[in-house]
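> Here is my input; please provide its structure:
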Amino acid sequence: MVGTKRAYGRSNSTRIAEVADPDTPHEHEKPVGEDNGFLWRLYSYWSFEQADGGVYIQCEAISLTRHIPSGFRVGGPPFHSKYCQPITHFCSGGVG
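Below you'll find the predicted structure:
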């Protein structure tokens, strides 16, 4: 906590696993290295500020993937080159 009207926090993933056959009797966790690697790590940074009779909350998140799935690599420019910058811009508040 910083002062009486501001607070900050952060969270880091400690373990992320992919589930195979979700919502079935055969649901199970995929072994490490045999998953798709969509989400490898997740870091979140939070700030809270009391003002104007309420609380403003800001969250910034960084997610890491091990590799880009082949389905996103086919045809045209790479997925990460075409979409990640606009998504990052949108999520950081640069909308419009």
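
> so what's the closest residue to Thr4 other than its chain neighbours up against?
Leaving aside its sequence neighbours, Thr4 sits nearest to Gln50 (C-beta to C-beta, 6 or more residues apart in numbering; 7.9 Å). Using the backbone N, CA and C atoms, a C-beta is placed for each residue, glycine as well. Each residue near Gln50 by C-beta atoms under 8 Å, 6 or more residues apart in numbering is listed here: Thr4, Lys5, Arg6, Tyr56.

> again, 10 Å this time
The contact partners of Gln50, by C-beta atoms under 10 Å, 6 or more residues apart in numbering, come to Gly3, Thr4, Lys5, Arg6, Ala7, Tyr56.

> neighbour-wise, which of those leads?
The most crowded member of the contacts of Gln50 is Ala7, carrying 15 neighbours; neighbours defined as other C-beta atoms under 10 Å.

> Surely His28 touches Ala20?
Yes - between His28 and Ala20 a contact is recorded at 5.6 Å, counting by C-beta atoms under 10 Å.

> higher neighbour count, the two?
Of the pair His28 and Ala20, Ala20 is the one with more neighbours under other C-beta under 10 Å, namely 13 against 10.

> Just give the nearest non-adjacent residue to Ser63, would you?
When the adjacent residues along the chain are set aside, Ser63 lies closest to Leu42, with 5.1 Å between them (C-beta to C-beta, 6+ apart).

> for the protein, what are the low-confidence residue spans?
With pLDDT under 70 as the threshold, the chain has low-confidence stretches at 1-2, 67-96.

> Can you list the residue ranges for helices in it?
Secondary structure of the chain (DSSP state H): helices at 70-73, 79-91.

> Leaving aside the residues adjacent along the chain, what's closest to Tyr56?
Here the residue nearest Tyr56, using C-beta to C-beta, 6+ apart, is Glu49, at 4.7 Å.
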